[in-house]
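Asker: the amino acid sequence is not available; the structure is as follows:
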């Protein structure tokens with residue numbers, strides 16, 4: 001019983017940390033800024049939408065090297081993001097795409 005309770009507490013703590021992390025900026029982008037780019041990188045939109053000015057502004061202030069580190073992350077699927085489309089966004093916004101993308 002103690003093991004099950006410990007596991008539940010661990011899961012609760014991890015969920016709490018995930019919620020807190022989601023509210024914080026990741027790679028210098030807030031969740032709101034990240035979501036402003038989601039329509040342009042969505043894997044279920046044909047043809048993909050052009051990035052909005054809000055998206056391009058967000059990418060302009062983002063740590064693009066850091067964001068490239070997420071291109072193979074399972075979070076991409078959770079947010080309905082096509083990694084290839086996401087990696088094309090900096091160029092579409094007139095920004096230099098990092099070499100590691």
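Answerer: Nice, thanks for sending it over. Everything quoted here is computed from the prediction, not taken from an experiment.

Asker: tell me the helix or strand right after the lowest-mean-pLDDT helix or strand in the chain.
Answerer: The helix or strand of the chain with the poorest confidence is helix 2-23; it has a mean of 37 (mean pLDDT, DSSP states H and E). Once the chain leaves helix 2-23, the next helix or strand it forms, by DSSP states H and E, is helix 31-41.

Asker: same for the helix or strand just after that next one, what does it pack against?
Answerer: Once the chain leaves helix 31-41, the next helix or strand it forms, by DSSP H and E, is helix 53-61. Applying 3 or more Cβ pairs under 8 Å, 6 or more residues apart in numbering; DSSP states H and E, one finds that helix 53-61 contacts helix 31-41, helix 83-92. Where C-beta positions appear, they are placed from N, C-alpha and C, glycine not excepted.

Asker: okay, the angle between helix 53-61 and helix 83-92?
Answerer: 80 degrees (axes from the mean of the first three to the mean of the last three Cα atoms, to 10 degrees).

Asker: now helix 53-61: buried residues?
Answerer: Judged by neighbour count using 16 or more other Cβ atoms under 10 Å, the buried positions of helix 53-61 are 55, 56, 58, 59.

Asker: list the contacts for the third one?
Answerer: When contacts are counted by Cβ atoms under 8 Å, 6 or more residues apart in numbering, residue 58 is found next to 29, 30, 33, 34, 36, 37.

Asker: so how far is residue 43 from the first one?
Answerer: As for residue 29, its distance to residue 43 is 19 Å (criterion: Cβ to Cβ, to the nearest Å).

Asker: the two: which has the busier surroundings?
Answerer: The neighbour comparison of residue 29 against residue 43 (other Cβ atoms under 10 Å) goes to residue 29, with 21 against 16.

Asker: shouldn't that one be in contact with residue 66?
Answerer: No - counting by Cβ atoms under 8 Å, residue 29 stays clear of residue 66, with 9.0 Å between them.
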